[in-house]
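S.K.: Fold the following for me, if possible:
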Amino acid sequence: MVFAHPDDAEWGLAGTVARWVRDGTEVEYVCVTDGSAGSNDPATTRERLVRSRREEQEAAGRVLGVSRCTFLGFVDGALEVSLDLRRAITREVRRFRPDVLVAPDPARLWDRGRTYVNHPDHKAVGVACLAVVNPDAPTRPQFPELLAEGYEPFEIPNLWMSTGDDPDTYVDITGTIDVKAEALRCHASQIHDWPVEDWLRARAKETAASQTAASQGMVYAEAFRTFRLKDAEDPDEAR
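M.R.: Predicted coordinates:
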C-alpha cells in the first residue's frame, strides 16, 4: 500500500487491509510524505507534526496488523513526480516484491459530490506508482544504483487503485469496518472529536449500494480499479 500522507490509507482502504491481514496476507505500508503540513494550528510546527503523525501512523498500523510501515520523508504539500520519488518507491517494491501494489488513483480530481478537490500529493503518488509499474520496477537498466544495493528488477503482477469512479472490484468490509474506525481514530491530530465512525459507515454503505456490491450482499464495501498485469508462473509464489 503506497500513499501520500499518514492517515490516507486509513481513510480509504483500511477495511480491506484489515480483511487481508485477517485472512493471512502480509501487508506493508509505504508513506511517501512526512505529514508536516497537516495542521492549521499556529502553536504547532512542522517538526512536531512529523513526529506525532509518524507515531499515529505506526499506531494505526498496529491496530490493522500491518507488518511494516516505511516512511520516505518527502515534504508534505510539495510532492512532485520526480525521479527521486519514483526511485524511492521502486526500491520498496523491489525489496518487498508484492503480489499486489495498491496506489491512489491519479485520475481523481474531485469527489462525485463536488465537495472535495483532491490533494496534489495524492495525484503525484498515483502517477509515480504507474511509472513504478512500467518501466521502473521491472526494467534492469532503470535505476542501476538499485542493482548495486541488491534490489533486482521485479514485475508487479497486480495493480489496485483505490477509487470512487468506475471501480471493477469491491471488497466486503462489513466484518472489518469497526477495525477501520479504530485505526483511523489513531490519527488524533487529524480527527480530534469528529464523529468519524458515522462518516465511515455512510461512505462504505454508499459504496456497497452499487449494483455489483449489492448483488453480493455487501453492507459495507471499499472499491478499486484493478489491473492484472502478469499471470503467476508458479502457484506457490502466492504469499
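S.K.: Read off the pLDDT value for the residue of the chain most remote from its centre.
M.R.: Most distant from the centre of the chain: Ala43, at 29.7 Å, with distances by CA atoms, centre = their mean. Note on Ala43: pLDDT of 82.
S.K.: need the helix or strand of this structure with the lowest average pLDDT.
M.R.: helix 211-215 (a mean of 87; mean pLDDT, DSSP states H and E).
S.K.: What are the contacting residues of that one?
M.R.: Residues outside helix 211-215 that contact it (CB atoms under 8 Å, 6 or more residues apart in numbering): 170, 172, 207-208, 221, 223. Quick note: C-beta positions are derived from backbone N, CA and C, even for glycine.
S.K.: Could you list the low-pLDDT ranges of the protein?
M.R.: The model of the chain has pLDDT under 70 over residues 232-239.
S.K.: coming back round to it: any idea how far Asp7 is from the residue farthest from the centre of the chain?
M.R.: 20 Å (CB to CB, to the nearest Å).
S.K.: Same check on Pro144?
M.R.: Distance of Pro144 to Asp7, computed by CB to CB: 35 Å.
S.K.: ok, the nearest residue to Thr139 once chain neighbours are set aside - contacts?
M.R.: Using CB to CB, 6 or more residues apart in numbering and skipping the chain neighbours, the partner closest in space to Thr139 is Pro153 (6.2 Å). Going by CB under 8 Å, 6+ apart, Pro153 touches 94, 137-140, 142.
S.K.: Could you dump these into JSON lines with secondary structure and distance to Val32 added?
M.R.: As requested, those are exported to JSON lines (DSSP: H, G, I helix; E, B strand; the rest coil; distance: CB to CB, whole Å):
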{"residue": "Arg94", "secondary structure": "helix", "distance to Val32": "16"}
{"residue": "Ala137", "secondary structure": "coil", "distance to Val32": "16"}
{"residue": "Pro138", "secondary structure": "coil", "distance to Val32": "21"}
{"residue": "Thr139", "secondary structure": "coil", "distance to Val32": "21"}
{"residue": "Arg140", "secondary structure": "coil", "distance to Val32": "25"}
{"residue": "Gln142", "secondary structure": "coil", "distance to Val32": "19"}
